[in-house]
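A.B. asks: Sequence first, predicted model second:
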Amino acid sequence: MPRTLPMTGIPEDFRLTEKTIERVERENFAIDIPKTLDKFVLNAEAKGWMYKNWQAAFVNYIDNGAKFGGVSAARRYLHHNGTICD
């Protein structure tokens with residue numbers, strides 16, 4: 001039987017893996033990774049987020065921010081998905 005990961009709060013020593021950084025760069029998210037990571041960690045701590053996979057949670061956080069984070073984020077999202085925005 002496959003082992004199910006437990007949901008946990010963000011680890012005190014949370015760092016992005018090379019694989020996660022490469023994925024973010026490959027997906028062409030127009031973000032400042034260190035600044036976004038700091039914001040992500042602060043939100044996770046303040047709101048008591050619980051996840052099974054914190055690397056995936058970070059990728060979802062920036063993806064959702066691009067989809068729902070306002071005009072400049074929407075432009076980045078549309079550009080990322082092949083729509084040209086001025």
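C.D. replies: Yep, it's here. Keep in mind it's a predicted model, so treat the numbers as computed, not measured.
A.B. asks: Need the pLDDT of the nearest residue to residue 7 once chain neighbours are set aside.
C.D. replies: Once flanking residues are discounted, residue 7 sits nearest to residue 50: 4.2 Å by Cβ to Cβ, 6 or more residues apart in numbering. Every residue, glycine included, has its C-beta placed from N, CA and C. Per-residue confidence for residue 50 comes out at a pLDDT of 97.
A.B. asks: show me the contacts for residue 50.
C.D. replies: For residue 50, the contact set (Cβ atoms under 8 Å, 6 or more residues apart in numbering) comprises 7-9.
A.B. asks: now it: how far from residue 9?
C.D. replies: Here the criterion is Cβ to Cβ, to the nearest Å. By it, residue 50 lies 6 Å from residue 9.
A.B. asks: Which stretches in the chain count as helices?
C.D. replies: Using DSSP state H, the helices of the chain run over residues 18-26, 33-47, 54-68, 71-80.
A.B. asks: for the shortest one, packing partners?
C.D. replies: This means helix 18-26. Where contact means 3 or more Cβ pairs under 8 Å, 6 or more residues apart in numbering; DSSP states H and E, helix 18-26 is packed against helix 54-68.
A.B. asks: the inter-axis angle of the helix it packs on versus helix 18-26?
C.D. replies: Helix 54-68 runs at 20 degrees relative to helix 18-26, counting by axes from the mean of the first three to the mean of the last three Cα atoms, to 10 degrees.
A.B. asks: That concludes my questions; thank you for your assistance.
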